[in-house]
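Student: Just a sequence and a predicted model for now, questions to come.
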Amino acid sequence: MVLAGAHRPFPWLTERPIAHRGLHNAEAGVIENTLAAATAAIERGFAIECDVQLTSDGEAVVFHDFTLDRLTAGSGRVDGTRFEAVATLAMRGTGDRVPVFGALLAHIAGRVPLICEVKSRFDGDTRLADRVWQTAAGYDGPLALKSFDPAVIAHLRAAAAASATKPRPLGVVAQARYDTEEWDLLPAPQKLALSNFLHYRKTRPDFLSYAVDDLPHAVPFLLRQAAGLPVMAWTVRTPDQRRRAAEEADQIVFEGFVP
């Protein structure tokens, strides 16, 4: 058995608390997944978590939602909009724009770790993963890639094996159940496989990012204790969630407070 706390190849993954979508605060005019949110995290010495989406012309932009409506003055799907149009949209209530992934890397410049979630519609489309991998090829800072979609991580695992670029830790974002509306399009067998981590041989993740409200759970417990995988707990917002994460995980992905 590999006990938690044993040597791990990427210790920086869990050395610092991880600011969820950067250290954002909408009331103070700092919007999630912007360069301003990254700056705020860097100034406090926190690692940064971000999300990336694909535009219609194949660019990776730092944005969480599949549509533009919630956070910008625009509307419609991100993957239905060209990058030039996305880049002109101001984030609501600020002058900040949606950054391209390469601009975020250049802004962070290795000062703190970045954990990037590659968004997926679970449709077999790997263009975003390919664009992220290509963009990060020359980046020297600590960078990890993760996704809810095992197919994305398996694809990146194959890309890493065929590449001479700097090793990047690849992780899976997971939870205990997939029974809410956002997962309705997935067939029942796929939900079962996700819940029970049946993709492990295909993905071979370097770390796990797990829903804090589902802790404790057998999947993160076994991966952490028996396989030695570092476990991050997301998204930690309350004292009770902090307690759970301290007992069951190695680090927190936090939001709404400063640890």
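Tutor: All right, it came through fine.
Student: was I right about residue 10 contacting residue 207?
Tutor: Yes - assessed by Cβ atoms under 8 Å, residue 10 is found in contact with residue 207 at 7.5 Å. No exception for glycine: its C-beta is placed from N, CA and C like everyone else's.
Student: what touches both of the two?
Tutor: 144, 169, 230 (Cβ atoms under 8 Å, 6 or more residues apart in numbering).
Student: Just these: which are in strands?
Tutor: The strands, defined by DSSP state E, take in residue 144 from the shared contacts of residue 10 and residue 207.
Student: Please work out how many residues are found near residue 48.
Tutor: 26 (other Cβ atoms under 10 Å).
Student: returning to what we had before: between residue 10 and residue 207, which has more neighbouring residues?
Tutor: Applying other Cβ under 10 Å to residue 10 and residue 207 shows that residue 207 carries more neighbours, namely 25 against 17.
Student: what is the more buried one paired to in the beta sheet?
Tutor: Beta bridges link residue 207 to residue 171, judged by DSSP bridges.
Student: need the contact list for it.
Tutor: With contact set as Cβ under 8 Å, 6+ apart, residue 207 has these partners: 10, 13-14, 144, 146, 169, 171, 229-232.
Student: could you pull out the strands for the stretch 101-250 of the chain?
Tutor: In the stretch 101-250 of the chain, the strands defined using DSSP state E, counting those that start in this stretch lie at 114-118, 143-147, 170-174, 207-211, 231-236.
Student: So what touches the second one?
Tutor: The one in question is strand 143-147. Residues contacting strand 143-147 (Cβ under 8 Å, 6+ apart): 10, 13, 105, 113-120, 129, 132-133, 136, 153, 156, 168-173, 206-207, 209.
Student: That one to strand 207-211, inter-axis angle?
Tutor: Angle of strand 143-147 versus strand 207-211, following axes from the mean of the first three to the mean of the last three Cα atoms, to 10 degrees, is 50 degrees.
Student: could you give the angle of strand 143-147 to strand 114-118?
Tutor: On the basis of the same axes, to 10 degrees, strand 143-147 is oriented at 30 degrees to strand 114-118.
Student: just the angle between strand 143-147 and strand 231-236, please?
Tutor: Interaxial angle of strand 143-147 relative to strand 231-236 (the same axes, to 10 degrees): 70 degrees.
Student: same thing with the fourth one?
Tutor: Here strand 207-211 runs at 30 degrees with respect to strand 231-236, directions being taken by the same axes, to 10 degrees.
Student: Could you figure out how far strand 207-211 is turned away from strand 170-174?
Tutor: Going by the same axes, to 10 degrees, strand 207-211 makes 20 degrees with strand 170-174.
Student: likewise the second one?
Tutor: Taking the same axes, to 10 degrees, strand 143-147 and strand 170-174 form an angle of 40 degrees between their directions.
Student: What pairs with strand 143-147, parallel or antiparallel?
Tutor: Sheet pairing of strand 143-147 (DSSP bridges) gives strand 114-118 (parallel), strand 170-174 (parallel).
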